[in-house]
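Peer 1: Build me a model:
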Amino acid sequence: MSEPGGTAASRTRSFISGVVEGFYGRPWTMEQRRQLFKREQKWGLNTYLYAPKDDYKHRMYWRDLYSVEEAEQLKALISAAKEHDVEFIYAISPGLDITFSNPKEVSALKMKLDQVREFGCRSFSLLFDDIDLEMCPADKQAFSSFAHAQVAITNQVYQHLGEPQTFLFCPTDYCAAMCTPSVSRSAYLHTVGDTLHPSIDVLWTGPKVVSHVISVESIDEVSSVLKRAPVIWDNIHANDYDPQRLFLGPFKDRPSELIPKLKGVLTNPNCEFYPNFVAIHTLATWCKSTADPGQRDVEMSDEDQDHSYSPQKALSLALTDWLQEFLNTDQPGGPRSSPTRPTKGSLDEEPMQTDVGVSPYVPGPGDNALYTAEPLTLEDLNLLSELFYLPYEYGPTAKTMLQELHWLKTNSRAASASAETDQTAEWHSRAQRFDKMCEAVVQMFNRLSNAPNRRILYDLYDYICDIKSGVGLARAHIKALGKREKPTNGIRWGRGGPPSAQVMNGDPEPWGFRGGLSGEFQRMLPCHGNRDLFRNPPMTAVYTVRPYCPGDEMEVQSIFKEMQREAAGKVATTVQPLISDGFFHLEFQRHRSDINVRTTSTSLSAGELLPSSQCAFVLEDEMGVCGYALGLTNVGQAAAKIQRALWESILGVYPSLITMQVLPRVTDPAPAKRMIGCLLSSIKSSGSRGVFCELRPTDRRMLEFYTKLSSFHPIPLAGAPQDVIAMGTSIHEFILLGAKHAPVQCEGHDVGGDGPRVLLRLQRHYHLVVRVRHKLEGGEAPRGVERPHVSDGEVAEVGGAGEQQVGGTPLVCRLLIALVAGAPRQEEPALETLAPRRRLVDQVTWEEEEEESGCQQA
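Peer 2: Residues are numbered from 1 along each chain as shown. As a prediction, this is how the structure comes out:
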């Protein structure tokens, strides 16, 4: 089995390489640190920087000397590091409250470091990271800047300790993102570079606190300012900022060309000790690599003669070695089955009786077979690493699973199509593939849970249990979309994998709500999730949606005429004119001598009808008006005015009419969605329950647009002409399910614009749909939902939601749950009442559009 390096003595000590224990959280134990030293020696690393943020005598109470017991522990730790040829660097962080100009403070700092030097430590570090940038009045009088104060005390301490060979300084601006205005123009860094003792090394995290890529150019820039090569404090595997994440991917995106340009690299890894095997192992492999074989400091074996660094090869080596650790029962502290020493109290108790000589149980022919644990495999560890990869990227398998889930949700209509089509076959094939990937995660979890080395398992367990639960929810959702899941009474489901029937019922289990309160806050923010996976194509133009004004009349008519000319050759001579045509002047009708039947649409076009108040919007680009959306809140009155007969079946459900046109030069559908969302919001405020539109079969662009909105569906019209197609939608349904950017009035906020929506979601891939209905006397509830009987001023419980007051008008919230891309539009979605009282919606949020799936997330 290959190891990433020889002994630390075999390499040049000028390059610092190793581990910094510098995270926020529970510090590692002394036993774990001794195990770390053994690994560092084995893999060719040479340094350990002691800087645990939550060791209170390292940071918060830095003035306090160590007690006798603490001193003995530190002495033993420093001695253990020396035994394994690892340089122990003691770091102290006095920046929270030190007064730089006070001699007593400086003396206290020196006294503390003198005590540690007596323990045998010969290398030190002063850290001024993550502190307030404001100096106290006394320091402002003594020093011209914060940087001058820090450098002055650092130089004093360095000289007091006899100018040790290794002394590290961590600046307050320790990454490029913190430098004002830039690295090259940072007064703080220039002061450090000019005045800090040249033998003191400077710690640097790269472009950011957690740097995605550290380039040679960025290191050249900071080195020129600091007048020395930095030591990288690398947070690529740090997870103290997010307790739900763990990083098991390789050391990556740091080219080996950096090695001759750096003084060293220290990784600040995961808070959990045992999962850091991969992070430290791959760092050691990276430290051996160099672009020029002649620069190599490490004596290599024949099998390690490949000088280039490959993250995937390094990861494969690390996981191969880690697998042996999982299978090792000789754990620190004794084997898994080692007996416990009886306590004094237990000696007085009667011993438990045992059946000596009883043979082990053997199941009979009709009994269940005994459970046999399957051994952990290298494929399991590869999958584990890809699920918990790196801060800025998921592993290949994780990406594939997310992309498949996204595709299956977006194309879910194909799953329930009555006829078998190529798309239906593809959907079921990809659903089966996704199910197999989910099953692999479950099996990995099972085999990890039975691994002999329990210490590694206990550090991993919360993470693998969480990912198993999330995958189980997604798996159940896809099965439900495919109409394949049929829950059976008597089947027990584990905590991690409830079926979608349990997720969608009226009183779901708590595992359906991921992340607790923190998860709720995150889901209400606009950029929840990794958008790089499903990035929308960038807009190539800037569009404005604004209310229609009289000066737009000619341009709107021009768009109408242009779109009519485009379809003129396709229209029969006996066509039924549309109501929406009446929005425009009769002048165009005179050019259409072949059309002599007038409709409400015609009259709207002719100018005989005017759009309802605040129900007209235009879309503009840099060339001018390029689209319009017009509406009538009461189309029945308008039809009577122009003596146009309407189908009574429409008016009862869809009392309002809309029309929209967009020029072909607008290729992005998002601006049109925003415009129609604004129009529907205005119509909704008038009290209308639903809208419809009339279209020609030849107007394929608008037919496709309304169809993709999903909430618009064809309205069957008995006796209607074949050249007229009607499509309608419930306004509330459209705003919350169809128009991602539509305004909504909710919870006492009368919000306009293009984006606020009610948001309530189960987890990243599961969404709750919330319908908000104004209680109007005689108003209709959604189909399949019992209409609540609430009088004005009365408080009621409706589906777990109480009445809300908006301007004195009762607003009854009916909370209905439906998985986002589930129900086909030709039938009513299967909706169930949401019961938990604690999850009522009381916020509105902004969220950008992520996808153009059927039922959009609300």
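Peer 1: Do a quick rundown of the strands in the stretch 151-300 of the chain.
Peer 2: 167-170, 201-204, 231-234, 264-267 (DSSP state E, counting those that start in this stretch).
Peer 1: okay, those strands in CSV with mean pLDDT, distance to residue 668 and mean neighbour count next?
Peer 2: C-beta coordinates here come from the backbone N, C-alpha and C atoms, glycine included. Conversion of those to CSV gives the following (pLDDT from 0 to 100; distance: least, CB to CB, whole Å; neighbours: other CB atoms under 10 Å):
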stretch, mean pLDDT, distance to residue 668, mean neighbour count
strand 167-170, 97, 47, 24
strand 201-204, 98, 42, 25
strand 231-234, 98, 41, 25
strand 264-267, 98, 44, 24
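Peer 1: As CSV, those strands with distance to residue 70 would be great.
Peer 2: Below are these laid out as CSV (distance: least, CB to CB, whole Å):
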stretch, distance to residue 70
strand 167-170, 22
strand 201-204, 25
strand 231-234, 25
strand 264-267, 24
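Peer 1: quick one, which of the ones you listed is nearest to residue 455?
Peer 2: Closest to residue 455 of the strands of the stretch 151-300 of the chain is strand 264-267 (CB to CB; 20.7 Å).
Peer 1: What strands flank that closest one, and is each parallel or antiparallel?
Peer 2: Paired strands of strand 264-267, with direction, are strand 16-21 (parallel), strand 231-234 (parallel) (DSSP bridges).
Peer 1: do you know which of those lies nearest residue 381?
Peer 2: Comparing the strands paired with strand 264-267 by CB to CB, strand 16-21 comes nearest, at 21.1 Å.
Peer 1: Could I have the CA atoms of the following helix or strand past that closest one written out in PDB?
Peer 2: Next in sequence after strand 16-21, counting helices and strands by DSSP states H and E, comes helix 30-43. The C-alpha coordinates for helix 30-43 follow below in PDB (Å, rounded to 0.1, in the frame of the first residue of the first chain):
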ATOM      1  CA  MET A  30      -5.100  14.800  23.200                       C
ATOM      2  CA  GLU A  31      -5.400  11.200  22.000                       C
ATOM      3  CA  GLN A  32      -6.600  12.400  18.600                       C
ATOM      4  CA  ARG A  33      -3.700  14.900  18.300                       C
ATOM      5  CA  ARG A  34      -1.200  12.100  19.100                       C
ATOM      6  CA  GLN A  35      -2.800  10.000  16.400                       C
ATOM      7  CA  LEU A  36      -2.400  13.000  14.000                       C
ATOM      8  CA  PHE A  37       1.300  13.300  14.700                       C
ATOM      9  CA  LYS A  38       1.700   9.600  13.700                       C
ATOM     10  CA  ARG A  39      -0.100  10.200  10.500                       C
ATOM     11  CA  GLU A  40       1.900  13.300   9.700                       C
ATOM     12  CA  GLN A  41       5.100  11.500  10.200                       C
ATOM     13  CA  LYS A  42       4.000   8.500   8.100                       C
ATOM     14  CA  TRP A  43       2.800  10.800   5.200                       C
END
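Peer 1: Quick one: residues in contact with whichever strand or helix holds residue 318.
Peer 2: Secondary structure assignment for residue 318, by DSSP H and E: helix 311-326. With contacts defined as CB atoms under 8 Å, 6 or more residues apart in numbering, helix 311-326 is touched by 1-4, 249-252, 277-278, 281-282, 285-286, 306, 376-378, 381-382, 385, 448, 451-453, 456.
Peer 1: Over to stretch 91-107?
Peer 2: Residues contacting stretch 91-107 (CB under 8 Å, 6+ apart): 22, 49-51, 53, 58-60, 62-63, 109, 112-113, 124-129, 131-132, 135-136, 138-139, 141-143, 149-150, 152-153, 156-157, 168, 170, 172.
Peer 1: from these, which ones fall inside helices?
Peer 2: 109, 112-113, 138-139, 141-142, 149-150, 152-153, 156-157 (DSSP state H).
Peer 1: between those residues, which is nearest residue 177?
Peer 2: Closest to residue 177, out of all of the ones in helices among the contacts of stretch 91-107 and judged by CB to CB, is residue 150, at 19.3 Å.
Peer 1: which other helices and strands contact the host helix or strand of residue 471?
Peer 2: Remark: residue 471 resides in helix 454-481, with elements defined by DSSP H and E. For helix 454-481, the packing partners by 3 or more CB pairs under 8 Å, 6 or more residues apart in numbering; DSSP states H and E come out as helix 378-387, helix 396-410, helix 422-449, helix 500-504, strand 760-763, strand 766-768.
Peer 1: Tell me which of those sits nearest to residue 68.
Peer 2: helix 422-449 (41.8 Å).
Peer 1: So which elements touch that closest one?
Peer 2: helix 378-387, helix 396-410, helix 454-481.
Peer 1: Out of these, which gets nearest to residue 226?
Peer 2: Using CB to CB, the helices and strands packed on helix 422-449 put helix 378-387 closest to residue 226, at 35.0 Å.
Peer 1: Using the record's domain definitions, break the protein down for me.
Peer 2: If you go by automatic domain parsing, the domain ranges for the chain are 8-326, 378-512, 544-738, 755-845.
Peer 1: hey, least reliable of those domains by pLDDT?
Peer 2: In terms of mean pLDDT, the lowest-scoring of those is domain 755-845 (a mean of 31).
Peer 1: Show the subsequent helix or strand relative to the helix or strand hosting residue 617.
Peer 2: Assigned by DSSP H and E, residue 617 belongs to strand 616-621. Remark: after strand 616-621, the chain's next helix or strand is strand 624-632, criterion DSSP H and E.
Peer 1: buried set for that next one?
Peer 2: 625, 626, 627, 628, 629, 630, 631, 632 (16 or more other CB atoms under 10 Å).
Peer 1: and the two most separated of the residues you listed?
Peer 2: 626 and 632 (22.8 Å).
Peer 1: so what's residue 407 closest to, chain neighbours aside?
Peer 2: Excluding its sequence neighbours, the residue lying closest to residue 407 (CB to CB, 6 or more residues apart in numbering) is residue 430, at 6.5 Å.
Peer 1: Let me know how buried that neighbour is, in neighbour terms.
Peer 2: Around residue 430 there are 18 other residues, counting by other CB atoms under 10 Å.
Peer 1: do the same with residue 432
Peer 2: 12.
Peer 1: Give me the nearest residue to residue 234, chain neighbours excluded.
Peer 2: Closest to residue 234 by CB to CB, 6+ apart is residue 267, at 4.9 Å.
Peer 1: Can you name the residues bridging to the one you found?
Peer 2: residue 19, residue 234.
Peer 1: list the contacts for it?
Peer 2: Residue 267 neighbours (CB under 8 Å, 6+ apart): 18, 19, 20, 234, 236, 237, 251, 279, 280, 283.
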